[in-house]
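Q: Got a sequence here, can you model it:
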Amino acid sequence: MRTYLTLAALAACAAVSGCMTAAIGTAASVGVYAAQDRTIGEGIDDANASNQVKLRLLAADRAAFAEVDVEVANGNLLLSGAVPTAEHRQAAETIARGIGNIDNVFNELFIGPRSGLVRSAQDELITAQIRTRLTASPAVRAINVNIETFHGNVYLMGTARSEQELQRAAEIASVVGGVRRVVSFMQVRQPPAPYYAQAAGPPQPDYRQPSAPDDQALAGAPY
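A: Numbering: from 1, shown residues only. Okay, here's the model as predicted:
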């Protein structure tokens, strides 16, 4: 029901000119969720949790939390980037833990000054190169992997269908130039059943009447 209501809200929003851009962007995200090994509802929940944390961080201290990235995948939340003090680092984690639908919070925030334009461009290049290599690998379903890079530190979020796929994704990321370390928070998870299999439900019992025994079987039956 939650998914249907969300899609209906998008349609209503699109009817208003001021909501057209937001509707298109959200619809694109829903398309990505549908292609991943998670339900659309899970994808929307993760996106909502990420947005809530970002808004609360900026409301608490826009300057201090301006370089904090928030990534949520399957109920696991990653904080990466930089904050000016240890107090801000702890405060960011406290804010993240106050959001519902979050199972784990991984605090990878560095304490120090904000990144310059050159460093930020280098991190974006690293992320793009890892994404390209994951997409080209037949051993990894790249659409299930979220990548965050900060000062050459690479964080992988999302799911893998096996331990081998999880390890291969980390290996691919580790050999990209400029990568200092790779931290994987990916989880092994079997993909959900297709929607048509879920709709089919359990097999129905067979109510057919048993066939009448033939004469030969009755002849051999004991009295």
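Q: how deep is Val176 tucked in, by neighbour count?
A: By other C-beta atoms under 10 Å, 19 other residues sit near Val176. C-betas here are computed from N, CA, C, even on glycine.
Q: Likewise for Ala64?
A: What Ala64 shows, counting by other C-beta under 10 Å, is a neighbour count of 20.
Q: my read: it touches His88, true?
A: Yes. With contact defined as C-beta atoms under 8 Å, Ala64 and His88 form a contacting pair (4.9 Å).
Q: Give the buried residues for stretch 48-58.
A: Across stretch 48-58, burial judged by 16 or more other C-beta atoms under 10 Å covers 49-50, 52-53, 56-57.
Q: With respect to Pro138, which of these is nearest?
A: Among the buried residues of stretch 48-58, Ser50 lies closest to Pro138 (C-beta to C-beta), at 29.9 Å.
Q: any idea how far Asn76 is from the closest one?
A: 11 Å (C-beta to C-beta, to the nearest Å).
Q: returning to what we had before: just checking, which of the buried residues of stretch 48-58 belong to helices?
A: Among these, the members falling in helices are 49-50, 52-53, 56-57 (criterion: DSSP state H).
Q: where does this structure have low pLDDT?
A: In the predicted model of the chain, residues 1-37, 191-223 satisfy pLDDT under 70.
Q: So which bits of stretch 92-103 are buried?
A: Neighbour count says stretch 92-103 has 92-93, 95-96, 99, 102 buried, by 16+ other C-beta under 10 Å.
Q: Show me the helices in this protein, by range?
A: Under DSSP H, the chain gives helices at 2-14, 20-35, 40-61, 86-97, 117-136, 163-174, 195-200, 215-219.
Q: Contact partners for Leu58?
A: Neighbouring residues of Leu58 by C-beta atoms under 8 Å, 6 or more residues apart in numbering: 65-66.
Q: Check Val183 too.
A: So, once contact is read as C-beta under 8 Å, 6+ apart, Val183 ends up touching 108, 153-156.
Q: do the same with Asn146
A: 71, 73, 156-158 are the contacts of Asn146 under C-beta under 8 Å, 6+ apart.
Q: Also Phe65?
A: Counting by C-beta under 8 Å, 6+ apart, Phe65 has contacts 57-58, 83, 88, 92.
Q: mind listing which of the contacts of Val183 are in strands?
A: Among the contacts of Val183, DSSP state E puts 108, 153-156 in strands.
Q: Same list (those) but as CSV, adding distance to Arg141 and neighbour count.
A: Shown next, in CSV, are these (distance: C-beta to C-beta, whole Å; neighbours: other C-beta atoms under 10 Å):
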residue, distance to Arg141, neighbour count
Glu108, 24, 16
Asn153, 24, 17
Val154, 18, 24
Tyr155, 18, 23
Leu156, 13, 24
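Q: okay if I get these as CSV plus distance to Pro138?
A: Output for the ones in strands among the contacts of Val183, formatted as CSV (distance: C-beta to C-beta, whole Å):
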residue, distance to Pro138
Glu108, 30
Asn153, 27
Val154, 21
Tyr155, 24
Leu156, 18
